[in-house]
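*Asks:* sequence plus the predicted model coming up.
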Amino acid sequence: MYPHERSLVARMQGKPFALIGVNSDPKEKVVDAIKRENITWRSFWDGGNTRGPIATEWQVQGWPTMYLIDHKGVIRKSYVGSPGGEVLDREIDALVKAIEAGK
């Protein structure tokens, strides 16, 4: 998952795109993963368990859960479990293209 996210961040550099992570692992694991996986995007720690404040507020029921949110804050797609890199790339590319076109 992290290699795909890293390539996505690099590919979308300069475009209206941001990747934001939320991690509910114990803090030591999060710090280690950030260093080991070269995580350069913003990633929030959700208290070290699956009932943290972010997961609770967003009613997350499975991990990973992904939300594709547009520039107006509207959730366009949500995925419980990984949708796969090709699907995610296609959805992100279409949304960024629409945003750049002013739609």
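*Replies:* Good, I have the coordinates.

*Asks:* residues contacting the nearest residue to residue 17 once chain neighbours are set aside?
*Replies:* Computed as C-beta to C-beta, 6 or more residues apart in numbering, the closest residue to residue 17 that is not its neighbour in sequence is residue 96, at 5.7 Å. Where C-beta positions appear, they are placed from N, C-alpha and C, glycine not excepted. Each residue near residue 96 by C-beta atoms under 8 Å, 6 or more residues apart in numbering is listed here: 12, 15, 16, 17.

*Asks:* from the residues you listed, which would you call buried?
*Replies:* Buried subset of those (neighbour count, 16 or more other C-beta atoms under 10 Å): 12, 17.

*Asks:* which of the contacts of residue 96 sit farthest apart?
*Replies:* For the contacts of residue 96, the maximum inter-member distance is 8.7 Å, found between 12 and 16 (C-beta to C-beta).

*Asks:* quick revisit: for the contacts of residue 96, which one is nearest residue 73?
*Replies:* residue 16 (13.1 Å).

*Asks:* what about the closest one, which SS state?
*Replies:* Here residue 16 is recorded as coil under DSSP: H, G, I helix; E, B strand; the rest coil.

*Asks:* would you mind giving the contacts of residue 96 as a markdown table with pLDDT and distance to residue 91 added?
*Replies:* Shown next, in a markdown table, are the contacts of residue 96 (pLDDT from 0 to 100; distance: C-beta to C-beta, whole Å):
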| residue | pLDDT | distance to residue 91 |
| --- | --- | --- |
| 12 | 97 | 13 |
| 15 | 96 | 14 |
| 16 | 94 | 15 |
| 17 | 96 | 12 |
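
*Asks:* which non-adjacent residue is nearest residue 49?
*Replies:* Sequence neighbours aside, residue 24 is the residue nearest to residue 49 in space, at 6.0 Å (criterion: C-beta to C-beta, 6+ apart).

*Asks:* so the one you found is in contact with residue 56, correct?
*Replies:* No - using C-beta atoms under 8 Å as the test, residue 24 is too far from residue 56 to be in contact (10.5 Å).
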